[in-house]
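Colleague: Predicted model follows, preceded by the sequence.
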Amino acid sequence: MAKTREMEDSMSRLNRIKPQTNFIFNIIFIFCAAICIIPVFFVFMISISSEESIRMNGYQFIPETFSLESYQFLFKEGEMILQALGVSVFVAVVGTIIGLALTSTMGYVLSRSSYKLNGFLSMVVFIPMIFNGGMIASYVVNTQMLHLKDTVWALILPLCVSSFNVVICRTFFKTNIPDSVIESAQIDGASQFKIFTRIALSLSKPMLATIALFLTFGYWNDWFQSSLYITNTKLFSLQALLDHVQRNIEMMAKNPAMGLTMQQYINNMPKEGARMAMAIIIIIPIACTYPFFQKYFISGLTVGAVKG
């Protein structure tokens, strides 16, 4: 008993952080947080700067003239923004649900050592993490074989399964759900589907929240799939719309052949501020969802970690 207590005290001393070390770590974390927060704050300040102030003084942390003209301009174009927002929300929600279903199912199957094709399929999942088929192969498959061009599924299916996410699921199921639990459930007459849905998934909330956040971030920030497969502007996501608006503003502003009224409209619109305001609008929804998943997300990231 005394020996056990002595070992616990020794481990406690080993894991204890000195005040000086703790102070250094706090400084490092504050610096890293500032690196993440300052660019967002800078973009926000540009979005509430007047276009005239930006033209005269460039980008500034504290604008010389404050203005909400960028947000007023976006509200005037509200139908376009709301349509893109609806596409982004639909793609993120549906894609995350499909991705979670496929990823967790694959991860669970590959975590069971009794599965005969475990080794072969694990290799099949692992290979794309090192080598992939390339953009041309995926484009041909999605457009010529699956006929996804100019459909909302072109924004969902190519991103719904990732080898990295499958490996995270496999590791979690293998380390947190022992074979003895599965065998006990089988002895009680439970099917594999019931074991997966009633036992495995109920014990996997941290991992599922982590994968869900990865998928949601990926879908919400994606513009590349739209540039490849979407030509119908009604199917543009917010990110694709931002890229489209930016390119078209530059094109229209440099086109002298446009009508006078349209040219005046382009010249008077808040070009830089509108881009930054749209970026803020894109950031807000995804930033608001993180606090609800933070506890599970942190737990999921520590899968396989060794406790002191």
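Modeller: Arrived safely, thanks for sending. Numbers count the residues shown, from 1 in each chain.
Colleague: Please, which helix or strand holds residue 135?
Modeller: In this assignment (DSSP states H and E), residue 135 forms part of helix 134-140.
Colleague: which residues sit against that helix?
Modeller: Under the criterion CB atoms under 8 Å, 6 or more residues apart in numbering, residues 158, 228 lie in contact with helix 134-140. All C-beta spots, glycine's among them, are computed from the backbone N, C-alpha and C.
Colleague: Show the subsequent helix or strand relative to that helix.
Modeller: Using DSSP H and E, the first helix or strand after helix 134-140 is helix 163-176.
Colleague: Check the offset of that following helix from the chain's centre.
Modeller: How far helix 163-176 lies from its chain's middle: 18 Å, per CA atoms, centre = their mean, to the nearest Å.
Colleague: any idea how this structure splits into domains?
Modeller: Using automatic domain parsing, the domain ranges for the chain come out as 20-67, 77-301.
Colleague: so of those domains, which one's packed in deepest?
Modeller: The highest average neighbour count among the domains of the chain, using mean count of other CB atoms under 10 Å, belongs to domain 77-301 at a mean of 16.
Colleague: quick one: average pLDDT of that domain?
Modeller: Domain 77-301 carries an average pLDDT of 78.
Colleague: Tell me how far residue 145 lies from residue 132.
Modeller: As judged by CB to CB, to the nearest Å, residue 145 and residue 132 stand 17 Å apart.
Colleague: For residue 17, which non-adjacent residue is closest in space?
Modeller: Nearest non-adjacent residue to residue 17, counting by CB to CB, 6 or more residues apart in numbering: residue 25, 7.5 Å away.
Colleague: Name the helix or strand for that neighbour, please.
Modeller: Using DSSP H and E, residue 25 sits within helix 19-47.
Colleague: Roughly how far does residue 206 sit from residue 213?
Modeller: Residue 206 is 11 Å from residue 213, where distance means CB to CB.
Colleague: brain fart, residue 228
Modeller: 25 Å.
Colleague: what's the distance between the helix holding residue 25 and the middle of its chain?
Modeller: 21 Å.
Colleague: And stretch 127-143, by the same measure?
Modeller: A distance of 21 Å separates the centroid of the chain from that of stretch 127-143, by CA atoms, centre = their mean.
Colleague: Endpoints of that stretch, how far apart?
Modeller: Terminal residues of stretch 127-143 lie 24 Å apart, using CA to CA, to the nearest Å.
Colleague: Helix, strand, or coil at the nearest residue to residue 54 once chain neighbours are set aside?
Modeller: Excluding its sequence neighbours, the residue lying closest to residue 54 (CB to CB, 6+ apart) is residue 272, at 5.0 Å. Secondary structure assignment for residue 272 (DSSP: H, G, I helix; E, B strand; the rest coil): helix.
Colleague: ok, residue 272 touching residue 51?
Modeller: Yes: counting by CB atoms under 8 Å, residue 51 is a contact partner of residue 272 at 6.8 Å.
Colleague: How much space separates residue 287 from residue 125?
Modeller: As for residue 287, its distance to residue 125 is 32 Å (criterion: CB to CB).
Colleague: again with residue 206
Modeller: 21 Å.
Colleague: cool, and residue 92?
Modeller: Plainly put, residue 92 is 24 Å away from residue 125 if you go by CB to CB.
Colleague: Apart from its chain neighbours, what residue comes closest to residue 241?
Modeller: Residue 241 sits nearest to residue 84 (CB to CB, 6+ apart), 4.2 Å away.
Colleague: Mind giving me the packing neighbours of the strand or helix carrying the one you found?
Modeller: Element membership for residue 84, per DSSP H and E: helix 78-111. Applying 3 or more CB pairs under 8 Å, 6 or more residues apart in numbering; DSSP states H and E, one finds that helix 78-111 contacts helix 118-126, helix 163-176, helix 205-221, helix 238-253, helix 271-301.
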